[in-house]
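Asks: build the 3D model from these lines:
(chains A and B, ligands or ions: 2)
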Amino acid sequence: MQERVKKPQFDVVGTRPVRPDGVDKVTGRAKYGADLKMAGQLVGKVLRSPHAHARIKSIDVSKALALPGVKAVVTAEDFPGQPSEFIPAGEGVVNYRDMTSNVMARAKVLYEGHAVAAVAALNEKTALAALDAIKVEYEVLPHVIDEMEAIKPGAPILHEDMITTGVTPAPTKASNIAKRVEFVLGDAAKGFGEADLIVEREFKTKAVHQGYIEPHACLASASEDGSAELWVTTQGHWVVRAYCAKLLGWEIGKIRVTSSEIGGGFGGKTVVYLEPLALALSKKTRRPVKMVMSREEVFKASGPTSGGTVKVKMGVKKDGRITAAEAEITLQAGAFQGSPVQPACMCAFANYDLENVKVVGYDVVSNRPKVAAYRAPGGPISTYGVESVVDEIAEKLGMCPIELRLKNAAKEGTRAAYGPKFGPVGLIECLEAAKESDHWKAPLGPNQGRGLAAGFWFNIGGETTVSLQLNEDGTLTLMAGTPDIGGLRASLCMMAAEELKMDVSKIRPIIADTSSLGYNFLTGGSRSTFSSGMATVEAARSIVKQACGRAAKLWDIPEEAVTFEDGMIRPAGENAGKHKPMSLSDIAKVAGKTGGAIVGYAAISAQGAAPSFGVHIADTEVDPGTGKVTVTRYTAIQDAGKAIHPSYVEGQYQGGAVQGIGWALNEEYIYGADGKLQNAGFLDYRVPVASDLPMIDTIIIEVPNPRHPYGVRGIGETPIVPPMAAIGASVRRASGVRFFELPMSPPKVLKAMKAAGKA
Amino acid sequence: MAKHHVTTTVNGDPVEYLCESEQTLLDCLRDELDLIGAKEGCSSGDCGACSVLIDGRLVCSCLVLGVEAEGKEVETIEGMAQGDELHPLQRKFLEHAALQCGICTPGVLIAAKALLAKNPDPTETQVRYWLAGNLCRCTGYDKIVRAVMDAAAEMRGA
Ligand code: FES
Ligand code: FES
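Replies: Ligands and ions are numbered 1, 2, ... in the order given. Sure, this is the predicted structure:
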């Protein structure tokens, strides 16, 4: 493997200690969203629209309120109207008008499951009876589900004032197309003119759900003095605080949000659904209100990611050099604009070093739940199309798919079609590792095939605060503010321990609430180990500096004459005098007498996030009798920059790969002609189970990110980008048929094989 | 209707609770006994997050009524460790990093314990099929399967 930066040796970073929050999680002690109880708490429930599209003519809550045990009802009237404005938020934007209309329908319901009212009652039974007693008069409107139907002239319009942006001149009539985006590099027409071979294909993917096992849940308690507390399962409690404050018109500083342990998010817990309702109900009743979604509600009313239509055209020379690439990407936004079409466009050709690229994207609303982020939002959809075409080109040229990619791979200095030039990146290293892997060379059995695909994700940094306290006995308490979903606390403690040259078990971490720490943007964009890690290192270095200062005071020498080496504070050199070295513990014991508590605090906006590339190899076996596709072997290779805790990096690769396998083979939102979701449960929306899968092998590549103290890149999202195309390519070789639509479920595969005379 | 009075044993302790006819065992454990280790992921028997043992048999507690626990022995995740001593499965899950978010973990551990009681030397395929009722969305199951196999080996003294 080529090394771009000399790898330093670390004592703690790169090892595999047991995570600090682990014991609580294997003993059932860890508290998740639904696990907190408060004295006198009420149960909150949501009344949801049975229609895909309807005008709300009236809502009569009087009968519900009259039921014994029903304490309050809220509807859209309880939430102030918001202006339509787009506010940047991490990898996307939010619009408070849409957000408030999504948490509680105004004037129209736009999808089955759209919230219409919420009640708080003494117990669940009474709350459900209250929902039954609320009378809503609807005028049912025609609906549209599919994104390509939604853009046709004459389709039912969801928002009468939606004028497509990004088009000149601006259209004069409303449509379901919220915006058009375009990214251009060079001259695609010229590039196609130079091509020896052009492949053009259209792909279709279905909406899929993040499928976190823990449903949305929260417990709100609003006091008479205007302050409020909220316990919630979320990827970002500062973000929840800001959204709730805005939607309710409350002061930010009066709301204290604590993030519970979080039972999976994958992007889906970056938005609010129940939280503002629970706070509003608690304010009305002056009692704590607990709300938990059912699984059906999770499917019907919380964000899946977009399904979409992706057209890809690529031209190559006979020698495999890509001369031009074009894509048109149309994504479902759900009922309100904001599909991840922009990142989908930006990711589409990011794997390649190209001169001529044109990508156009459309953000389309239809009568589905508003999409939420899902692991590398948009990336898997466009990459599925592009990588499938690259595979077909390899086949048509008779080239090895790895060689074709190596010939065109993005590298340091490559200008991406969306603007920036890449710094050091590890795609070539991943491809080389794939080529050298046992997996790539292993023989295949009958009806088996092997496919490969590459993937990319940007990753982000952003606002991050960490506090590190040196306790009186020399132990440390670390407070971070990015919720820990899969080992973050372990990684942060390891970086702190590395800096302070101490035993990692001496550092106890917590995820602090919004009143205990400065602002933290959410855990998303694969930013938490990168950003909170950067802040942790800064906080640890501040502790060292303060400790040296205290020693200087004790020794009565200048601060510059004190140094921290091998975990001890020492006089720096002969001139500093002879003083017995002190440990951090020694300093901690005398902190009170030398100036007070020693606390390292870092409030940063983390810059320098670096992209992570990955390459996946999939073997599948296709049953010609049933069309069932079984993954028989799988390898995920990815550049981590630096793996702080390799087990949790491997875990991200494996988990992302398996979500991708589900997306490729089983998962899809299925709608009836009535616009209603037909598979809102885990029985019919089938996520992969243990018996569906082989072991998922991993290879961690480390091309350090020069802008992070330990070389960390974000790694959580990239692993879901390559699987669909890798499996598609593998199924092509196993079955002889190339598929252009997901999921490749048994009936579809069998039908296609029969049509091709292969079954 | 008046509530039912149920007398049962949970993790070796005699307990009593009052419950409605339609209240599930999962709700009774969580709401009446404050044992929050069993989780509700679906309430339809599809995710396994609510797994507990009744008289040694693996069940989804969301599909069992609270009244059905009368006179039975119920075992939940809270009863798995013995004092300071973690069960080998719990230890191996930590060593192998077999959990990320951890919401599925109590159910997976209970299910794995039931498997090893029946079959101390399962093959990888047997582990995968036994755990097919326990959804994990985070790990892709690789490390879970390895941890169960490793715990089984240790418990056999292999
Ligand atoms: S909650 Fe019981 S199986 Fe999902
Ligand atoms: S660790 Fe998150 S669902 Fe299994």
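Asks: what helix or strand does the residue nearest in space to the middle of chain B sit in?
Replies: For chain B, B:Ile110 is the residue whose C-alpha lies nearest the centre (C-alpha atoms, centre = their mean; 3.1 Å). Under the criterion of DSSP states H and E, B:Ile110 resides in helix B:105-118.
Asks: one step back: how close does the residue nearest to the centre of chain B get to chain A?
Replies: Using C-beta to the nearest C-beta, to the nearest Å, B:Ile110 is found at 10 Å from chain A. Quick note: C-beta positions are derived from backbone N, CA and C, even for glycine.
Asks: quick check on the spatially closest residue to that residue that is not a sequence neighbour: phi, psi?
Replies: Take B:Ile110 and drop its neighbours on the chain: the residue closest to it by C-beta to C-beta, 6 or more residues apart in numbering or on different chains is B:Ser51, 4.4 Å away. The phi and psi values for B:Ser51, taken as degrees, to the nearest 10, are phi -60, psi 130.
Asks: got the residues of chain B near ligand 1?
Replies: B:40-43, B:45-50, B:60, B:62 (C-beta under 6 Å from any ligand atom).
Asks: hang on, the earlier thing: from the contact counts, what lies against the helix holding B:Ile110?
Replies: helix A:22-26, strand B:51-54, strand B:57-60, helix B:88-95, helix B:124-130, helix B:142-156 (3 or more C-beta pairs under 8 Å, 6 or more residues apart in numbering or on different chains; DSSP states H and E).
Asks: need these in TSV with mean pLDDT and mean neighbour count, can you?
Replies: Converted to TSV, the helices and strands packed on helix B:105-118 look like this (pLDDT from 0 to 100; neighbours: other C-beta atoms under 10 Å in any protein chain shown):
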stretch	mean pLDDT	mean neighbour count
helix A:22-26	98	21
strand B:51-54	98	24
strand B:57-60	98	19
helix B:88-95	98	22
helix B:124-130	98	18
helix B:142-156	98	21
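Asks: nearest to A:Thr305, of the ones you listed?
Replies: Closest to A:Thr305 of those, according to C-beta to C-beta: helix B:142-156, at 23.8 Å.
Asks: for the residue of chain B found nearest chain A, which non-adjacent residue is spatially closest?
Replies: With C-beta to the nearest C-beta as the measure, B:Gly37 is the residue of chain B nearest to chain A, at 2.3 Å. In this structure, B:Gly37 finds its nearest non-sequential neighbour in A:Gly28, 2.3 Å apart by C-beta to C-beta, 6+ apart.
Asks: show me how the record splits chain B into domains.
Replies: Domain segmentation of chain B under automatic domain parsing yields B:4-79, B:88-156.
Asks: closest one to ligand 2 among those?
Replies: Closest to ligand 2 of these is domain B:88-156 (C-beta to the nearest ligand atom; 3.2 Å).
Asks: circling back: the residues of chain B next to ligand 1, buried ones only, as a ChimeraX selection?
Replies: Of those, the buried ones go into a single ChimeraX selection, burial set by 16 or more other C-beta atoms under 10 Å in any protein chain shown:
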select /B:40,41,42,43,45,46,47,48,49,50,60,62
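Asks: same list, the domains of chain B, but as CSV with distance to A:Tyr32 please.
Replies: Output for the domains of chain B, formatted as CSV (distance: least, C-beta to C-beta, whole Å):
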stretch, distance to A:Tyr32
domain B:4-79, 7
domain B:88-156, 6
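Asks: could you list the low-pLDDT ranges of the stretch 51-200 of chain A?
Replies: A:91 (pLDDT under 70).
Asks: extract the CA atoms of the longest strand seen in chain A and return them as CSV.
Replies: Counting by DSSP state E, the longest strand found in chain A is strand A:322-334. What follows is strand A:322-334, C-alpha atoms only, in CSV (Å, rounded to 0.1, in the frame of the first residue of the first chain):
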residue,chain,number,x,y,z
ILE,A,322,-14.1,8.0,-20.0
THR,A,323,-14.6,11.0,-22.3
ALA,A,324,-18.0,12.3,-21.1
ALA,A,325,-20.6,11.6,-18.6
GLU,A,326,-24.2,12.9,-18.2
ALA,A,327,-27.0,12.2,-15.8
GLU,A,328,-30.5,13.3,-15.1
ILE,A,329,-31.7,12.6,-11.6
THR,A,330,-35.3,12.9,-10.5
LEU,A,331,-35.9,12.3,-6.8
GLN,A,332,-39.0,12.1,-4.6
ALA,A,333,-39.1,14.7,-1.9
GLY,A,334,-42.2,13.4,-0.3
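Asks: quick one: residues in contact with the next helix or strand after that strand.
Replies: Using DSSP H and E, the next helix or strand after strand A:322-334 towards the C-terminus is helix A:341-348. Here helix A:341-348 makes contact (C-beta atoms under 8 Å, 6 or more residues apart in numbering or on different chains) with A:91, A:179, A:181-183, A:306, A:308, A:312, A:325, A:327, A:329-331, A:333, A:359-363, A:376-379, A:381-383, A:385-386, A:416-418, A:456-458, A:721.
Asks: list the buried residues in stretch A:88-105.
Replies: A:89-92, A:94-105.
Asks: same question, stretch A:577-589
Replies: Applying 16+ other C-beta under 10 Å to stretch A:577-589 flags A:579, A:582, A:584, A:586-588 as buried.
Asks: report the two of these separated the most.
Replies: Going by C-beta to C-beta, the pair spanning the buried residues of stretch A:577-589 furthest: A:His579 and A:Ala588, at 17.5 Å.
Asks: contacts only, for A:Ala127.
Replies: Contacts of A:Ala127 by C-beta under 8 Å, 6+ apart are A:43-45, A:70, A:119-121.
Asks: which SSE is it in?
Replies: Going by DSSP H and E, A:Ala127 is part of helix A:124-133.
Asks: which residue packs closest to A:Gly264, ignoring adjacent ones?
Replies: Nearest one to A:Gly264, counting by C-beta to C-beta, 6+ apart, is A:Tyr212 at 3.1 Å.
Asks: in the chain, where is pLDDT below threshold?
Replies: Chain wasn't specified; assuming chain A. Ranges of chain A meeting pLDDT under 70: A:1-8, A:91.
Asks: um, chain B though
Replies: B:1, B:158.
Asks: redo that, cut-off 90
Replies: B:1-2, B:158 (pLDDT under 90).
Asks: returning to that earlier point: what about the buried residues of stretch A:88-105, which are in strands?
Replies: Per DSSP E, the buried residues of stretch A:88-105 map to strands at A:89, A:92, A:94-95.
Asks: tell me the one of the residues you listed nearest ligand 1?
Replies: When these are compared against ligand 1 (criterion: C-beta to the nearest ligand atom), the nearest one is A:Gly92, at 30.9 Å.
Asks: what separation do you get for that closest one and A:Ala52?
Replies: Applying C-beta to C-beta, to the nearest Å, the value for A:Gly92 to A:Ala52 is 25 Å.
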